[in-house]
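Asker: coordinates only, sequence not included:
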């Protein structure tokens, strides 16, 4: 491997795990067993790829945060409107008792863990219910928890009320939220995402027309389809969405080989 600046390379290697960086220079290798690289491979190329992946994770987390907050809002609104302020304490609303008990236990744990939050302290002083109202509880639910709560709603029509806002079938939304939980956890734990093959993908929608022809059905497990879906959701959630522009600029800045991300073509 070549180096433009060996001192700078030493600094990076002193602060980044060698094995961590190795995941990024694999594609530059000519012979992995002997650790030899293709001609004109520079350490700085590896670092650029590493920095791109880090910035891509941040961009993904930005979209996931907004999607999560939006789903929380729709989940809260429709369940409370139909079943009351404490819909989450009505097991008959939910399909699988074991999943319901598990999600409720986790919710209670999150409430207890966040008990010093001002909004929870205010609620406990004012009310004596077993748990706060659903619009309070939802604020401590993780992405994975909201995904489980949503997918376990017994009657399809109530799941459909929520997914209709995004012009998606409830099965697709449920599938995407499950997948997005995996992506979110991967990104939040600083793991590589740009060319990762995710074990959990999601049902690719054939409608609405806004998404027609955009998905790559041949490479379903790579990040490309996730990015397409995030952009679609962001266009609905945000009135002034520049997320796709930021993504395109990021790819262009680091001259990324997008086929490795699951893109079908340029």
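Answerer: The structure has been received and is ready for your questions. Since the model is a prediction, treat every value here as computed from it, not as a measurement. Residues are numbered from 1 along each chain as shown.
Asker: Stretch 241-255 - what's its average pLDDT?
Answerer: Across stretch 241-255, pLDDT averages out at 96.
Asker: So which bits of that stretch are buried?
Answerer: 241, 243, 244, 247, 250, 251, 254 (16 or more other Cβ atoms under 10 Å). For glycine as for every other residue, the C-beta is placed from the backbone atoms N, C-alpha and C.
Asker: where are the low-confidence patches of this protein?
Answerer: 265-266 (pLDDT under 70).
Asker: do that again at 50, thanks
Answerer: 266 (pLDDT under 50).
Asker: Looking at it, which helix is longest?
Answerer: The residue-count maximum for a helix in the chain (DSSP state H) belongs to helix 43-83.
Asker: Surely residue 148 touches residue 99?
Answerer: Yes. Using Cβ atoms under 8 Å, residue 148 is in contact with residue 99, at 6.4 Å.
Asker: Of those two, which one has the most company?
Answerer: Taking neighbours as other Cβ atoms under 10 Å, residue 148 and residue 99 compare with residue 148 leading, 22 against 14.
Asker: What distance do you get for that one to residue 84?
Answerer: Using Cβ to Cβ, to the nearest Å, residue 148 is found at 21 Å from residue 84.
Asker: mind listing what the residue nearest to residue 238 when sequence neighbours are not counted touches?
Answerer: Leaving aside its sequence neighbours, residue 238 sits nearest to residue 66 (Cβ to Cβ, 6 or more residues apart in numbering; 6.6 Å). Neighbour list for residue 66: 233, 234, 237, 238 [criterion: Cβ atoms under 8 Å, 6 or more residues apart in numbering].
Asker: Residue 30 sits in which helix or strand?
Answerer: Taking DSSP states H and E as the definition, residue 30 sits inside strand 29-31.
Asker: now what about whatever helix or strand comes next after that strand, what contacts it?
Answerer: Next along the chain after strand 29-31, taking DSSP H and E as the criterion, comes strand 36-37. Strand 36-37 has contacts (Cβ under 8 Å, 6+ apart) with 1, 25, 28, 29, 30.
Asker: next one: stretch 227-238
Answerer: So stretch 227-238 is contacted by 60, 63-64, 66-67, 70, 165-167, 176, 202, 210-211, 214-215, 241, 243-244, 247, 261 (Cβ under 8 Å, 6+ apart).
Asker: Now, of those, which are buried?
Answerer: So, by 16+ other Cβ under 10 Å, the buried ones in the contacts of stretch 227-238 are 60, 63-64, 66-67, 70, 165-166, 176, 202, 211, 214-215, 241, 243-244, 247, 261.
Asker: Domains of the protein: list them as residue ranges, please.
Answerer: Following automatic domain parsing, the chain resolves into domains at 6-41, 54-261.
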